[in-house]
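>>> any chance you could fold what I've pasted below:
(chains A and B)
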Amino acid sequence: AQTVTQSQPEMSVQEAETVTLSCTYDTSESDYYLFWYKQPPSRQMILVIRQEAYKQQNATENRFSVNFQKAAKSFSLKISDSQLGDAAMYFCAYSPPGAGSYQLTFGKGTKLSVIP
Amino acid sequence: DTEVTQTPKHLVMGMTNKKSLKCEQHMGHRAMYWYKQKAKKPPELMFVYSYEKLSINESVPSRFSPECPNSSLLNLHLHALQPEDSALYLCASSALGLAGAHEQYFGPGTRLTVT
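Predicted coordinates for the structure are as follows:
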């Protein structure tokens, strides 16, 4: 069974600084998808970034980028120029292809605080 | 437009009540999902509809009854709930391709309190 581990239950970052959230996963699949979701206190889960395992290039979305290390099964999220609105719970998630792709496996989450 | 809407935002119901949660998307997605989320925990998958047919039921108690009237709408009918069913209920949708489901987009959720 796939597992996703986020080893940092809480983190904090100074406004305008850079922070990296860690995620490791375990799978026997060679092709799969990885995601970072953000859930602010307003509750809505927002897709931040996605990575397809067969793509070696790390995904980026504006101030958000990932460091995808397939061999190490690591998928960390870097937030640059942190803003107050980045404060949220961040969930790393894994999805296999095919029939299992409906079922996201989530990590337990990292609560990020942004200090003004 | 990546919007999934859910109504109501908040719901308080007694253990003998019958209520329904509603979810709607207009992104043309053919997979829709119900999740239950407890405080400070990740979402737990309850049901998946694919092409308007129930494809996954994660052993959810029968007091939760999903319905997919068409490709844009998803309902969750609630009856005889227990206080431990109090949680945030999230709806999500995703496109479907040859390799399976694409990324999921979530609605804002319904905060349910069972008294």
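>>> where does chain A get nearest to chain B, which residue?
Closest approach of chain A to chain B (CB to the nearest CB) occurs at residue A:101, with a separation of 3.1 Å. Bear in mind the C-beta positions are built from the backbone N, C-alpha and C, glycine included.
>>> now that residue. Its backbone dihedrals?
phi -70, psi -10 (degrees, to the nearest 10).
>>> quickly find the element holding the residue positioned nearest the centre of chain B.
Nearest to the geometric centre of chain B sits residue B:34, at 2.7 Å (CA atoms, centre = their mean). Per DSSP states H and E: residue B:34 is located in strand B:31-37.
>>> pull out the buried positions in the following helix or strand past that strand.
From strand B:31-37 onward toward the C-terminus, using DSSP H and E, the following helix or strand is strand B:44-50. Neighbour counts over strand B:44-50 (16 or more other CB atoms under 10 Å in any protein chain shown) mark B:45, B:46, B:47, B:48, B:49, B:50 as buried.
>>> next one: stretch A:18-31
Buried-residue list, stretch A:18-31, by 16+ other CB under 10 Å: A:19, A:21, A:22, A:23, A:24, A:25, A:27.
>>> what's the pLDDT at the spatially closest residue to the first one that is not a sequence neighbour?
The reference is to residue A:19. For residue A:19, ignoring the flanking residues on the chain, the nearest one in space by CB to CB, 6 or more residues apart in numbering or on different chains is residue A:13 at 3.8 Å. Residue A:13 carries a pLDDT value of 98.
>>> for chain B, what lies in contact range of chain A?
Along chain B, the residues adjacent to chain A under the rule CB under 8 Å from any CB of the partner chain are B:2, B:31, B:33, B:40-43, B:45, B:48, B:50, B:55-56, B:88, B:90, B:92, B:94, B:99-101, B:103-109, B:111.
>>> out of those, which are buried?
The buried subset of the residues of chain B next to chain A - by 16+ other CB under 10 Å - is B:31, B:33, B:42-43, B:45, B:48, B:50, B:56, B:88, B:90, B:92, B:94, B:100-101, B:103-109, B:111.
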